[in-house]
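**Q** Take a look and give me a structure for this.
(one chain, ligands or ions: 2)
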Amino acid sequence: MRSLLRIVAATLAGSIFLCGNLCACSFVQAKPQKVKTVYIGVSIYRKDDMFISTMCTDLEAEVKKVEQKNHVKIVLNIMDSQSSQSQQNDQVDGFLSKHYDAVCVNMVDRTSAGTIVEKARKSGVPLIFFNREPVEQDLQNWDKAFYVGADAAQSGTMQGKLLVNAYRKSPKSIDKNGDGKIQYVMLEGEHGHQDSLLRTEYSVKAVTEAGIPTDKLANGTANWQRAQATAKMKQWIQKFGTRIEVVFCNNDDMALGAIDALQDSGTVRKDWPVVLGVDGTKPGLQAVGSGTMLGSAYNDAKKQAQAVVALSLHPSEVPAGFELQRSHYIYVPYSYITKENYKDYLNR
Ligand code: BGC
Ligand code: CA
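**A** Numbers count the residues shown, from 1 in each chain. Ligands and ions are numbered 1, 2, ... in the order given. Model prediction:
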């Protein structure tokens, strides 16, 4: 790509030079301006992840916006790794060998970023990781390597605080058996994902720090997926019945899976536990609106997409409206989603 651009630039410079010597300059002015084409390669961990597919749509929309505003053509090539790290490595190799201008990676295994960073560095290509955070040491190895995501601990804390607020308003609606403690189950995302670990920890922490004792009945992973969450929740309903007072879910899709299980179980609505999510996906927002989910923390895919595209095009500039931390990190803040404000998020 670079060499092609160089040839185009040289040809243009040449024709300006010739023109200056041989002909009237109006000829050059009349020529339509050549539009620059930028190639951005994106490799995602799996395309059927609800949040990631939202992010892909947002990346495409952002690219269109930038194209119109900046008179540039952007080719955005999004590839699905289907949960295979070796497939992802091949995709990145492909982008680099075709001289893409920037490469964006949603790691399958976030601990394996080292080799990708090294290859991008050697090729001099900006590398933007998103959503699945590599270890810091890997990022530090290349000036033009970045991570765009959100502060997972913050979303956990928000989830806990949503529960604390509801409890303060009406303790009996949460603590149904009236023992002064909150009996909960925890539906976790993939093991080893920064968001699973931190949301799990900080949600409960916010509740206990507010002085409300908790009692964990069960926890387990559903790998971010709705169907897996339904299966897990069905087992827990069988085992604990209406003793479950709260279902903490590391994302909205698993919260929706838990709601599916509650619906299937035939439990009367007033005996349902409170269900909490993270993300604010469209179906998640609808569940908050209908009251089957108490609330969620908004994971701003659109803002994250903006930062990813901006860094791909201008890796040496901090994107306007964002803060660059430790030279490599952009964390987009979460915000609260409740029944009162969910509509504001529906049209974003
Ligand atoms: C989102 C999840 C998503 C995961 C994928 C998280 O930040 O909250 O919904 O499945 O990222 O990596
Ligand atoms: Ca209780």
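
**Q** Tell me how far residue 275 lies from ligand 2.
**A** 16 Å (Cβ to the ion, to the nearest Å). Every C-beta, even on glycine, is put in place using the N, C-alpha and C of the backbone.

**Q** What's the per-residue pLDDT of that residue here?
**A** Per-residue confidence (pLDDT) for residue 275: 99.

**Q** does it really touch residue 291, like I thought?
**A** No - at 10.1 Å, residue 275 does not count as touching residue 291 under the criterion of Cβ atoms under 8 Å.

**Q** Name the residue in these two with the higher neighbour count.
**A** The residue with more neighbours, out of residue 275 and residue 291, is residue 275; 27 against 10, by other Cβ atoms under 10 Å.

**Q** list the helices and strands the host helix or strand of the more buried one packs on?
**A** In this assignment (DSSP states H and E), residue 275 forms part of strand 274-276. The contact analysis (3 or more Cβ pairs under 8 Å, 6 or more residues apart in numbering; DSSP states H and E) places strand 274-276 against helix 152-169, strand 246-249, helix 252-265.

**Q** Give me whichever of these is most buried.
**A** Among the helices and strands packed on strand 274-276, ranked by average contacts under mean count of other Cβ atoms under 10 Å, first place goes to strand 246-249 (a mean of 28).

**Q** just how off-centre is that one within its chain?
**A** Taking Cα atoms, centre = their mean, to the nearest Å, the mean C-alpha location of strand 246-249 is offset from the chain mean by 20 Å.

**Q** State the mean pLDDT of stretch 121-137.
**A** On average, stretch 121-137 scores 97.

**Q** same check, this time on stretch 58-67
**A** Across stretch 58-67, the per-residue pLDDT values average to 98.

**Q** Whichever helix or strand comes after the strand holding residue 275 close to ligand 1?
**A** Per DSSP H and E, the first helix or strand lying C-terminal to strand 274-276 is helix 282-290. No - Helix 282-290 is not in contact with ligand 1 by Cβ under 6 Å from any ligand atom; minimum separation 9.1 Å.

**Q** Now do helix 282-290: everything it contacts.
**A** 50, 54, 252-253, 255-256, 259, 275, 277, 293-296, 337-339, 342-343, 345-346 (Cβ atoms under 8 Å, 6 or more residues apart in numbering).

**Q** and the angle for that helix with helix 252-265?
**A** Going by axes from the mean of the first three to the mean of the last three Cα atoms, to 10 degrees, helix 282-290 is angled at 60 degrees with respect to helix 252-265.

**Q** List the buried residues in helix 282-290.
**A** Buried residues in helix 282-290, defined by neighbour count with 16 or more other Cβ atoms under 10 Å: 283, 284, 285, 287, 288.

**Q** What is the nearest of those residues to residue 180?
**A** Proximity of these to residue 180 was ranked by Cβ to Cβ; the top entry is residue 288 with 27.3 Å.

**Q** got a pLDDT number for the nearest residue in space to the closest one that is not next to it in sequence?
**A** Closest residue to residue 288 apart from its sequence neighbours, by Cβ to Cβ, 6 or more residues apart in numbering: residue 342 at 4.5 Å. What the model reports as pLDDT for residue 342 is 98.

**Q** Let me see the backbone angles for residue 342.
**A** Phi and psi for residue 342, reported as degrees, to the nearest 10, are phi -60, psi -30.

**Q** for it, what are its contacts?
**A** Here residue 342 is in contact with 285, 288, 289 (Cβ under 8 Å, 6+ apart).

**Q** Pick the one among those residues closest to ligand 1.
**A** Checking the contacts of residue 342 against ligand 1 by Cβ to the nearest ligand atom gives residue 285 as the nearest, at 13.5 Å.

**Q** Not counting sequence-adjacent ones, nearest residue to the closest one?
**A** Nearest non-adjacent residue to residue 285, counting by Cβ to Cβ, 6+ apart: residue 342, 4.9 Å away.
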